[in-house]
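*Asks:* Sequence first, then the predicted structure:
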Amino acid sequence: MKMWSGRFRQPLDPDFERWQRSFSFDRRLLKCELMASSAHARALKAAGILSSDELISILQGLKQIGEKAAELPSFLDDDEAEDVHHFVEKQLVALIGETGYKLHSGRSRNEQIATDLRLYVRATIDQLRHELAELCGVLVDRAEQTADAAMPAYTHLQRAEPVLLGHWLLAYVEMFLRDAERLQDCRKRMNVCPLGSGAVAGATLPLDRTSMADSLGFEGTTANSIDATSDRDFVLEFVNTLSLLAMHLSRWAEEMILFSSQEYSFLVLPEAYSTGSSAMPQKKNPDLLELVRGKSGRILGNATALMVAVKGLPLAYNKDLQETQEPLFDSSDTLLQMLPLVAGWMKAVEFNKERMHQAAESGFMNAWAGATYLVKRGVASRIAHERIGKAVQMCIERGCELQDLALDELKALSPAFDQDFYDSLKLAAVLAVHDVPGGTAPGRVRQAIQLTRKKIESLREEAHAHA
Ligand code: ARG
């Protein structure tokens, strides 16, 4: 039986009927739907609508539906079910008879879908935070293993200053840890239960909303039935957070692609994550990285699609809201698949430390440290900058580096130059001079590794506690 056919005289146009269904994609909410329905059934019993026997039979029926779906995926191939809510009602009636129709007493699909989606987003946040902890763990391991290896850091994609390879890897960890925190923040705000909101005005039966919320692990109940049934902020917030995460992954991928090119040769692409060319026998292409970068486009697109779908809707529920599901699922699926692959790639990649080191030693990346030498000897910063700039200019003309200039040439630029200037230009000294928290001095990076490990550990623990 349809969920709403009473007032209709004509059947639906068959093409329209098929087209408006959502079961092909909302079937994945079955587990959430069964949990929420069980909570509702208990509230109905407490409100005196169901007898104890009816409650038991409904709860058993719901459990059986879950078991059947887990055992036999084709159980879900139901071409009559309009959506997951209709499917459960149909199956329940098939299993336990007309009592199954009592489950819908006092509730509306509008509050059900709002609840199912919150349960889905909450569980997905926990999974994603777990995956982020894993990825950050790999990045920190790599940072630790690379110890004192140096590389150039760029600004404007021009060589700027040398940094430790570990320092650069930790920069990505910071981004991903922020993403994990944003997800947690989103989780906090969304963890309230719409059950009992009815279609728009609130349930028509005296249901205990707090115990329904408690039994589903929500922190509380939504405050307003109109808002609760029309609100998809939590989906938008979640999907936008995923866009930021995807954007970080895309920047990461872009940088790795650059660094893997022959022009940089900073890293060797792992064969397990690369493919060849059907035409050019010599090729090894960074496919994983390119797909990560490419998929960020659809993730961003999903966030835009959702914003546009919701922006013109009057309160409260409108069927347009059904359209928020697929972009949500697509973004979360895409990221859940991608994160472990990125972690695998990061574990397997081989850094060409020698080449990075060489690059870190050339290209005047010690110029600012050289100016700092003068500043420490009392020269005003602007003047120091200008004198070192002049020295760089001389080097460019001669095709040499700052350390190749003779002391008397330097003294002619500034009397503050002395023999120990040459020590200040050495790579180790240049790294060491950045000795502030968050800087690349080796001691600071070692500290940062320890600190980051602690952050990852608590992220991991939080994610596990929820799972
Ligand atoms: N499949 C619907 C959705 O995802 C469920 C809610 C239907 N509510 C209604 N009043 N037609 O939005």
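*Replies:* On my side now, so go ahead.

*Asks:* And residue 112, how far from residue 458?
*Replies:* 35 Å (CB to CB, to the nearest Å). C-betas here are computed from N, CA, C, even on glycine.

*Asks:* of these two, who's got more company?
*Replies:* residue 112 (25 against 10; other CB atoms under 10 Å).

*Asks:* Can you name the residues that contact the closest residue in space to residue 222 that isn't next to it in sequence?
*Replies:* Leaving aside its chain neighbours, residue 222 sits nearest to residue 228 (3.7 Å; criterion: CB to CB, 6 or more residues apart in numbering). Each residue near residue 228 by CB atoms under 8 Å, 6 or more residues apart in numbering is listed here: 111, 114, 194, 197, 222.

*Asks:* What segments of the stretch 351-467 of the chain are helices?
*Replies:* With helices called from DSSP state H, counting those that start in this stretch, the stretch 351-467 of the chain shows them at 353-361, 367-376, 381-398, 407-413, 421-424, 427-432, 442-466.

*Asks:* Which neighbouring elements make contact with the longest one?
*Replies:* Other elements packing on helix 442-466 under the criterion 3 or more CB pairs under 8 Å, 6 or more residues apart in numbering; DSSP states H and E are helix 109-145, helix 165-190.

*Asks:* tilt between the first one and helix 165-190?
*Replies:* In this case it means helix 109-145. On the basis of axes from the mean of the first three to the mean of the last three CA atoms, to 10 degrees, helix 109-145 is oriented at 160 degrees to helix 165-190.

*Asks:* If you tally nearby residues, what's the number for the residue nearest to residue 101 when sequence neighbours are not counted?
*Replies:* Of all residues not flanking residue 101 in the chain, residue 93 sits nearest, at 6.2 Å (CB to CB, 6+ apart). When neighbours are defined as other CB under 10 Å, residue 93 has 16 of them.

*Asks:* what's the pLDDT at the residue located most distally from the centre of the chain?
*Replies:* When distances to the mean C-alpha position of the chain are computed (CA atoms, centre = their mean), the maximum falls on residue 408, with 56.2 Å. We have a pLDDT of 96 for residue 408.

*Asks:* just use 885 as the starting number from now, easier for me
*Replies:* Yep, numbering from 885; the last one is residue 1292 now.

*Asks:* Quick one: distance of stretch 989-1009 to the chain centre.
*Replies:* Stretch 989-1009 sits 22 Å away from the centroid of its parent chain (CA atoms, centre = their mean, to the nearest Å).

*Asks:* Report the closest residue of the stretch 1235-1351 of the chain relative to the ligand.
*Replies:* residue 1350 (25.2 Å; CB to the nearest ligand atom).

*Asks:* so that residue sits right up against residue 1010, yeah?
*Replies:* Yes - here residue 1350 lies in contact with residue 1010, judged by CB atoms under 8 Å, at a distance of 4.3 Å.

*Asks:* Between these two, which has more neighbouring residues?
*Replies:* Using other CB under 10 Å, the more surrounded residue of residue 1350 and residue 1010 is residue 1010, with 19 against 15.

*Asks:* pLDDT at that one, what is it?
*Replies:* Predicted confidence (pLDDT) for residue 1010: 97.

*Asks:* list the contacts for it?
*Replies:* Residue 1010 neighbours (CB under 8 Å, 6+ apart): 1071, 1347, 1350-1351.

*Asks:* Look up phi and psi at the residue in the stretch 1035-1184 of the chain positioned nearest to the ligand.
*Replies:* The ligand sits closest to residue 1083 of the stretch 1035-1184 of the chain, with a gap of 6.9 Å, by CB to the nearest ligand atom. Taking degrees, to the nearest 10, you get phi -80, psi -40 for the backbone angles of residue 1083.

*Asks:* Just give me the neighbour total for it.
*Replies:* Quick note: residue 1083 (other CB under 10 Å) scores 16 neighbours.

*Asks:* That one contacts residue 992, doesn't it?
*Replies:* Yes - counting by CB under 8 Å, residue 1083 touches residue 992, with 3.7 Å between them.

*Asks:* so what's in contact with these two at the same time?
*Replies:* Residues touching both residue 1083 and residue 992 (CB under 8 Å, 6+ apart): residue 1113.

*Asks:* Identify all contacting residues around stretch 1323-1337.
*Replies:* 1020, 1024, 1027-1028, 1032, 1037, 1045-1048, 1050-1051, 1054, 1057, 1061, 1315-1322.

*Asks:* does the helix or strand containing residue 1126 come close to the ligand?
*Replies:* Following DSSP states H and E, one finds residue 1126 within helix 1117-1144. No - contact of helix 1117-1144 with the ligand (CB under 6 Å from any ligand atom) is absent, the minimum separation being 11.5 Å.

*Asks:* what helices or strands is that helix leaning on?
*Replies:* For helix 1117-1144, the packing partners by 3+ CB pairs under 8 Å, 6+ apart are helix 993-1029, helix 1049-1074, strand 1151-1152, helix 1171-1195, helix 1209-1232.

*Asks:* so residue 1037, which of the three states?
*Replies:* State at residue 1037, reduced to three classes by DSSP: H, G, I helix; E, B strand; the rest coil: strand.

*Asks:* before we move on, what about residue 1147?
*Replies:* Put simply, residue 1147 is coil when judged by three-state DSSP.

*Asks:* How many residues are close by it?
*Replies:* Residues near residue 1147, counting by other CB under 10 Å, number 8.

*Asks:* What pLDDT does the model give it?
*Replies:* For residue 1147, the model assigns a pLDDT of 96.

*Asks:* do you know how far it is from residue 1030?
*Replies:* 22 Å.

*Asks:* and if you look at residue 1106?
*Replies:* Residue 1106 is 49 Å from residue 1030, by CB to CB.

*Asks:* Can you name the residues that contact the residue of the stretch 1135-1284 of the chain found nearest the ligand?
*Replies:* With CB to the nearest ligand atom, the shortest gap between the stretch 1135-1284 of the chain and the ligand falls at residue 1206, namely 3.7 Å. Counting by CB under 8 Å, 6+ apart, residue 1206 touches 906, 910, 967, 997.
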